[in-house]
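>>> I'd like to go over a predicted model; first the sequence, then the structure.
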Amino acid sequence: MLFDTIRDHVLQDLLTNLPATLPYHDYAHTIDVVRAAQEYGTAAGLDQASMDMLLAASLLHETGILKGYIGHEEESVAYAKRILPVYGYSDAQINVIVQLILETEISRKPTSLLSEILRDADLDYLGRPDYFAIAHKLRLEWIHLNNYPKSLKVWYLEQLNFLQKHKYYTIWATQSRSQGLEDNIKLIHELISLS
């Protein structure tokens, strides 16, 4: 797979150059998204070429963070366009990967199965037992970078709203994460009532 040729390069770049002020958009997040994308791509029965493009997009989708926080999807696309030709990706493959990266932006709707899988992989943690540990990393990142309120009650109310609106796109994510999502929503309700 072409993905194997770029994986080490990109991960080393992220590991070396990501600022410590990004506890959520970090190396571990990228690894987590790649793992979930591979799991859902395998469940979907993707062919080798589709899996390669999905994994490459998963690996590259946050690389724009190296340049800046706001609009990092566009920077991730620029990074992808620089690195992918060097490792043998065709223009057609690069176009697919670029579209996948752009569709990780939360306000966009996925337009393909690959995009649905990547979106589910990017937010896979919402329905897992480690949701709170990961979500609080995002909260700390927002506090540091965006002057986000430090109030836990504000955070939990916003998270409750976000999780209640969240729907997984693929049947594989829906089957494996919907119950965990509901469990996390219930726990947030309890935490709000305690505060």
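Yep, it's here.

>>> spatially central residue in the chain, please.
In the chain, the centroid-proximal residue (Cα atoms, centre = their mean) is D122; its distance is 2.6 Å.

>>> surely it meets E103?
No - D122 is beyond contact range of E103, at 9.9 Å (criterion: Cβ atoms under 8 Å). (Glycine included, C-beta is placed from N, CA and C.)

>>> so who does the residue lying closest to S115 once chain neighbours are set aside touch?
Leaving aside its sequence neighbours, S115 sits nearest to E103 (Cβ to Cβ, 6 or more residues apart in numbering; 4.4 Å). E103 makes contact with K109, P110, T111, S115, L118, R119 under the criterion Cβ atoms under 8 Å, 6 or more residues apart in numbering.

>>> of those - the most surrounded one?
L118 (27 neighbours; other Cβ atoms under 10 Å).

>>> quick check: mean pLDDT across the helix or strand encompassing S178?
When elements are assigned from DSSP states H and E, S178 belongs to helix 171-194. Mean pLDDT, computed over helix 171-194, is 96.

>>> what is it packed up against?
With contacts defined as 3 or more Cβ pairs under 8 Å, 6 or more residues apart in numbering; DSSP states H and E, helix 171-194 has these neighbours: helix 27-43, helix 113-122, helix 131-146, helix 152-165.
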